[in-house]
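Peer 1: below are the sequence and a predicted model for it; my questions follow.
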Amino acid sequence: MAQKRAAWGIDIGQSSFKAIKLQYSEATDQVVAAAFDYIQYPKILSQPDAIPEEIVADAMKTFLSRNEVADDLIAISVPGHSSLARFIQLPPVESSRLAEIVKYEARQQIPFALEEVIWDFQPLGSGVEESGYLLDAEVGLFAMKRDQVNNAMRPFINNKLEIELVQTAPLALYNVLSFDELGIKRGEAVHPRDEYTIVLDMGCDNTTLMISNGPKIWIRNIPVGGNHFTRALTKEMKLSFAKAEHLKCNATKSPDPRAVFQALRPVFNDYVSEIQRSIGFFSSVNRQAKVNKVVGLGNGFKLAGLQKFLQQNLQYEVEKPDGFKSLAGDSVVNSALFVDNVLSFAVPYGLALQALEVTRIRTTLLPPEIATARMVRRKKPWAVLTAAGVLVGASVAMVGNSLSYGVVNSPYFTEAEGKAKTFGDTVSSAVTAYDGEKGTFAGAKKTIEELVVGRRSMDWMELFNAINDCLPYDDNPAAKPIPLRDVVSVTHVSCKKEPDVSTWFTKATGPGMETPRQTMLPADLAAPPSGTGFVVTVHGMHWHHDPNDPLGKDVLYLRRTFLANLQKAMLERSGFTRDVGRMGISHATVVAFEEQRELVPKPGVKKITRQGRIDLSTAAPQGAAPGAVNPGFGGTAMPEGDAYAGQPGDAMGAEMPFGGAAGSIAGQLSGGTPGAIPLQPGQEVPPEYNEDEYDLLHKTVFQIQFIYRPIPKGPERDKPREEAPASDAASEVDSGEAV
C-alpha cells in the first residue's frame, strides 16, 4: 500500500520556532520522525524591544533554507489562551439535526457574530444512537476570531506555503496524550478510563492545563509562565532580563542557589495555587473523577525544583517525559538538540499526528473558504479526465450504434422491436408495482417493530412536539413588522411531578388567583384533577401588538393562539393533526404574565448616535425597584412558600413562589432583549428617542401551566373532551373583564 504524505507540525512560540516532520509507515503501523528543526529567537517576542514580525520572518526564512517542505502537509498551532473551547452536553437530538443544533449552541456560546470567527465541532464522549436519536451526546466546540487565525497563517502565506491544518495548542496536546500515552487511534472505540491525567504545558507567558480520561476533555489556561519566574529575578536581584533568564536556566550552578530559589518562591506558590484552583473546579464539576498523575511539558518545566515542588504540593505523581513512546526514527529522537528540547516538541508532534489522520480529533480552524478552494483545485484534473472519458465513450458508442442501425433498419425489425418494447414496458410496470408493495410492507413491518421491540417510552417527545405544534405559525414572518408577526417564543419548559395534582389546582384557582380561573376551560374548572401527575410550566414571551385588533395584543393574543391550542382535544393543521388533550394535557391556564415596553435598535443601524443620551436609571416610579413585576393575578400574589414547577437554571422539580413574590418574570425568563432599553411602567418615551434608530416594541412575558398525565394511544384517547369556546376572549373584552 502506498505510503501517506509526510506532515510537518509547526509551533511558532514566544521564545522559539519548533517543527517536526512525521511519516506513517503502513507496513509497521508506526509513526516515524523524518526531520526536525529548533530555532531559538534572539529575543522573546513579548519583550518590549522585540519586533515579533521581523523575528518570526527571520526564523521562517532559516527554517525554509534548511528544510524541503514543498510536497509535505503543514499543520500549525494557535495559542489556547486566544481561542475558545466549550464542551456541551446535548439533550436527545435527531442524528440528522446534530449540525443544526450545534450551530444554534455556537450562537449562544461564542461571544461574537459567527461571521467574525472560525469555528468547528466534534462529537466526543460515549454517546449512543437509538431510533435515530443521539443520547448522552457530548460535543466539543472550538472557535477563534478570524483576524487572529489570519495573523497565525500570515508567515506561511507570505512564503507561499499551503496550510493543511490549523489547530489549537490544547487539542494538539490531547492528540499526544491520547496517541502516545493512552494508545487511542482514529476509528477505534474509545472507552473512558477510571483515572484522569493532567497535562501541564508551560510556555513563556501562559500554561495550558488539559485534563482527560480518553473520551472526555477539560481545558483551562493558567496565566503564569516561564517569564514570570524571570521577572521575579529581575525585581528581587536587580538584574537585566537577559541575565535573569540565564540565571533562571542555571539556578543550580549560581554562586548562591538558595537566594535564587528564595526569589522564585512567590511565583512557585502562585503557580501551584492556580493549578490547585483549576483542579478544584474540575473536581466540583466531575465529582467521580480521580486524577492519576501530572505530565509536565514545555521548556519552562526544565526549571530546577519545579517538578519536586509540584509533586509535594499537589500530592500527585509528576512526570517529566524524556521522549515520546510511540515515535520512531533514531536520527531525530536520539539527536542531542531534540533530546534537550523534547518537552517543547509536544505541540508540533500532536499537530503532525492529526495531519497524518491517526488521532481521533478531526476539527480544524482553517478558514472554510480556503479549504473549499483547495478542494476544487485538487479535483479539477480528475474532472477534466472524467469529461474526456465520457466524450470518448459517447463517440465510440455513437459509431457502433450507427453501424448497428444501418444493418437492422427495416420494417420487419421495426415491428418486432415495437412488440418487444410494449411487452417489456408491461413487465417493467408489473415489477415496479411489486417492488413498491414490497417496500410498503417492509416499511410497515419496520414501523411496527420500532413501536413494540425494545421501545422506550416516547411520551415526553410527544409532549414537546405537541407544545411546539400548538405555537402560532407564521409562514413568512420576515415580511411583517415585529408587532404583527404571529410568533410566540418559548424560552424553556420545566416540570414537577406531584403526588396529588389537586394541590396545584387549589393554589392556582384559590382566592386572589383570578387569572388562572379566567383563562382555564370551564369544564376543567368544574372537574378538579386528582392523583399523581406532572405540572408542566411553559416559559416564554411574544411581541405581538396589533393596535387595530382588541384581541391582538398582550395576554389576549396569547389566549387566542397558544393557550387556545393547548386547550383543544386535538389540533388540526394543514397536512397533519396532533393530539393535545387526548394525550393527557388538561387544565391549561396562564399563571403569570408581565407587559413590558422596550426601545430596540433597528436592524442594520451600525451606530446608535443618541443611545448614550437616553438615561433610564432614575425613570422608575417612586418607591418601585427597577424591573418590578406585575404579578398578573389581579394584583394579588400567592403567600411566600407556595410553589409551582420551576424556573430557568433550577433542576427539574425546583420550587419558587407564584406570581410576583420572586421578582420580575422578565428577569427569570429572558434576561432582557439584547441591545434593548427597557421602559418602566408608566414611563414616557425619552425625548432623546430617535424613531429612525429605535423601534418601540410591546413585549409580553408569560408562564403557562398545565397538568400532564400521559394517555397511551388507544381507546382511552378517543373519549370526548370539552373544547374552549371560540368567543371566550372576545366576550371578556366586550364586557370589560379582560385580563
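Peer 2: Cool, got the structure. Numbers count the residues shown, from 1 in each chain.

Peer 1: how is this structure partitioned into domains?
Peer 2: 7-366, 382-452, 459-611+626-731 (automatic domain parsing).

Peer 1: strands of the stretch 201-350 of the chain, residue ranges please.
Peer 2: Secondary structure of the stretch 201-350 of the chain (DSSP state E, counting those that start in this stretch): strands located at 207-212, 217-222, 290-297, 317-319, 327-328.

Peer 1: and the domains of the chain as JSON lines, adding mean pLDDT?
Peer 2: Below are the domains of the chain laid out as JSON lines (pLDDT from 0 to 100):
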{"stretch": "domain 7-366", "mean pLDDT": "89"}
{"stretch": "domain 382-452", "mean pLDDT": "79"}
{"stretch": "domain 459-611+626-731", "mean pLDDT": "75"}
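
Peer 1: before we move on, the earlier item: so for F17, which of the strands of the stretch 201-350 of the chain sits nearest?
Peer 2: Across these, F17 has its closest neighbour in strand 290-297 (17.2 Å, C-beta to C-beta). Glycine gets a C-beta too; all of them are placed from N, C-alpha and C.

Peer 1: sorry, back to before: in CSV: the domains of the chain, plus mean neighbour count and distance to V376.
Peer 2: Output for the domains of the chain, formatted as CSV (neighbours: other C-beta atoms under 10 Å; distance: least, C-beta to C-beta, whole Å):
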stretch, mean neighbour count, distance to V376
domain 7-366, 18, 14
domain 382-452, 10, 9
domain 459-611+626-731, 17, 32
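
Peer 1: nearest to T363, of the strands of the stretch 201-350 of the chain?
Peer 2: strand 217-222 (11.4 Å).

Peer 1: from G510, how far out is the closest residue to R597 other than its chain neighbours?
Peer 2: Nearest residue to R597, sequence neighbours excluded (C-beta to C-beta, 6 or more residues apart in numbering): L679, at 4.3 Å. Counting by C-beta to C-beta, to the nearest Å, the separation of L679 from G510 is 33 Å.

Peer 1: what do you get for V555?
Peer 2: V555 sits 20 Å away from G510, taking C-beta to C-beta as the criterion.

Peer 1: returning to what we had before: now the strands of the stretch 201-350 of the chain in CSV, with distance to L22?
Peer 2: Output for those, formatted as CSV (distance: least, C-beta to C-beta, whole Å):
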stretch, distance to L22
strand 207-212, 21
strand 217-222, 22
strand 290-297, 18
strand 317-319, 23
strand 327-328, 8
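
Peer 1: out of these, which is closest to F63?
Peer 2: Of all those, it is strand 327-328 that lies closest to F63, at 20.4 Å by C-beta to C-beta.

Peer 1: for the closest one, packing partners?
Peer 2: Packing partners of strand 327-328 (3 or more C-beta pairs under 8 Å, 6 or more residues apart in numbering; DSSP states H and E): strand 30-40.

Peer 1: what does the next helix or strand after the strand it packs on rub up against?
Peer 2: Later in the chain than strand 30-40, the nearest helix or strand by DSSP states H and E is helix 52-66. Residues outside helix 52-66 that contact it (C-beta atoms under 8 Å, 6 or more residues apart in numbering) are 12, 17, 19, 37, 39, 41-43, 45, 155-156, 158-159.

Peer 1: so helix 52-66 versus strand 30-40, what angle?
Peer 2: In terms of direction (axes from the mean of the first three to the mean of the last three C-alpha atoms, to 10 degrees), helix 52-66 departs from strand 30-40 by 130 degrees.

Peer 1: C-terminal to helix 52-66, what's the next element?
Peer 2: According to DSSP H and E, the helix or strand after helix 52-66 is strand 73-78.
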